[in-house]
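Asks: Sharing a sequence plus its predicted fold:
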Amino acid sequence: MKFVLIFGPQAVGKMTVGQALAKITGLKLLHNHMTIEMLAPIFGFTPEMWRLSTMFREEIFKSVSRSDLPGMIFTFVFAFNKKEDWEDVERICRIFESEGGEVCFVELEAELEARLKRNKTPNRLEHKPSKREIEQSEQRLIESMEKYRLNSTEGEIVKDNYMKINNTRLSAGEAAEIIKDRFQL
C-alpha cells in the first residue's frame, strides 16, 4: 500500500493535483477540507472542530491502512515551524508504516501570484465552501505566510520517498504524472 502525502501552502494546488493523481492511479483521495467542510458549519473553526477532524482522519487512515486498497492520497497544510505539525505527520505515517505501507512525501510550492489566482478557481470554491469569501480567504493566505513557514528548507525533509515540485507553471495533470512516475503509482 502507498500513502501519498501531498503538502504545501494554501492554494498551491494540493487538492487539484490530488484529484488528478487519483484519476490516473485509482488511489482514493482524502483532501484536508473533506473533514473541515463537514464540521465547520456545526462547530466553526474551533478547537472542537479541529479535534473531531483529526479524529475522523485518523480513523479513516487506520481503516484504509488495514484494507486491501492499493493506497490513498491525503493533502494538508504543513507548518514547518510548528512542532505539532511534525508530530501529526509522524503519527499519520506510523499508521500506514505499521501495516507495511509505504509513505510517499510530495511537497508543492508555487509563487504567491499563482496561489492567489488558484484561490479563486471554480474547482477550489466548489469543494471548499469555507474559501468562498475570497477577500477573507486571501487575507488568511497572506497572514499565514507571516506566521508560518509553509515550505521546507533545503535538506529539512530527509526521507527516501520525498520530492518537492514547484508547480507554479505546471498543470495539475503534469504534476500528477511526475508524482506517478517518481513513486511508480
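Replies: Cool, got the structure. Please read all numbers here as calculations on a predicted model, not as lab measurements. Numbers count the residues shown, from 1 in each chain.

Asks: Over to the residue most central in space within the chain: give its phi and psi.
Replies: In the chain, the residue lying closest to the centroid (Cα atoms, centre = their mean) is T75, at 1.7 Å. When read as degrees, to the nearest 10, the backbone of T75 gives phi -120, psi 150.

Asks: Across the sheet, point out what pairs with it.
Replies: I6, H31 (DSSP bridges).

Asks: Do I have it right that it meets T35?
Replies: No: T75 lies out of contact with T35 (Cβ atoms under 8 Å); the separation is 11.5 Å. No exception for glycine: its C-beta is placed from N, CA and C like everyone else's.

Asks: Show me where this structure has its strands.
Replies: Per DSSP state E, the chain carries strands over the ranges 2-7, 28-31, 71-76, 102-109, 162-166.

Asks: Kindly present those strands as a markdown table, with separate columns for mean pLDDT and distance to Q136.
Replies: Listed next are the strands of the chain as a markdown table, based on pLDDT from 0 to 100; distance: least, Cβ to Cβ, whole Å:
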| stretch | mean pLDDT | distance to Q136 |
| --- | --- | --- |
| strand 2-7 | 98 | 23 |
| strand 28-31 | 97 | 20 |
| strand 71-76 | 97 | 20 |
| strand 102-109 | 98 | 23 |
| strand 162-166 | 98 | 27 |
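
Asks: correct me, but H127 touches N32?
Replies: No: the criterion here is Cβ under 8 Å, and H127 misses it with N32 at 10.7 Å.

Asks: out of those two, which sits in the more crowded spot?
Replies: Per other Cβ atoms under 10 Å, whichever of H127 and N32 has more neighbours is N32, with 19 against 15.

Asks: pretty sure that one is touching I73, no?
Replies: No: counting by Cβ under 8 Å, N32 sits too far from I73 to count as a contact (11.2 Å).

Asks: Helix or strand with the lowest mean pLDDT in the protein?
Replies: Least confident helix or strand of the chain, by mean pLDDT, DSSP states H and E, is helix 122-127 with a mean of 79.

Asks: buried ones in that one?
Replies: R124 (16 or more other Cβ atoms under 10 Å).

Asks: any idea how far M145 is from Q184?
Replies: 34 Å (Cβ to Cβ, to the nearest Å).

Asks: more crowded one of those two?
Replies: M145 (15 against 7).

Asks: Keeping just the C-alphas, turn the helix ranked longest in the chain into PDB.
Replies: In the chain, with assignment by DSSP state H, the single longest helix is helix 47-65. In PDB, the C-alpha atoms belonging to helix 47-65 read as follows (Å, rounded to 0.1, in the frame of the first residue of the first chain):
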ATOM      1  CA  PRO A  47     -10.700  23.600  18.800                       C
ATOM      2  CA  GLU A  48     -13.600  21.100  18.900                       C
ATOM      3  CA  MET A  49     -13.800  21.200  15.100                       C
ATOM      4  CA  TRP A  50     -10.100  20.500  14.800                       C
ATOM      5  CA  ARG A  51     -10.200  17.700  17.400                       C
ATOM      6  CA  LEU A  52     -13.000  15.900  15.600                       C
ATOM      7  CA  SER A  53     -11.400  16.500  12.200                       C
ATOM      8  CA  THR A  54      -8.200  14.900  13.400                       C
ATOM      9  CA  MET A  55     -10.100  12.000  14.900                       C
ATOM     10  CA  PHE A  56     -12.100  11.300  11.800                       C
ATOM     11  CA  ARG A  57      -9.000  11.500   9.600                       C
ATOM     12  CA  GLU A  58      -7.000   9.100  11.900                       C
ATOM     13  CA  GLU A  59      -9.900   6.600  11.900                       C
ATOM     14  CA  ILE A  60     -10.100   6.800   8.100                       C
ATOM     15  CA  PHE A  61      -6.300   6.300   7.900                       C
ATOM     16  CA  LYS A  62      -6.500   3.200  10.200                       C
ATOM     17  CA  SER A  63      -9.300   1.600   8.100                       C
ATOM     18  CA  VAL A  64      -7.500   2.300   4.800                       C
ATOM     19  CA  SER A  65      -4.200   1.000   6.100                       C
END
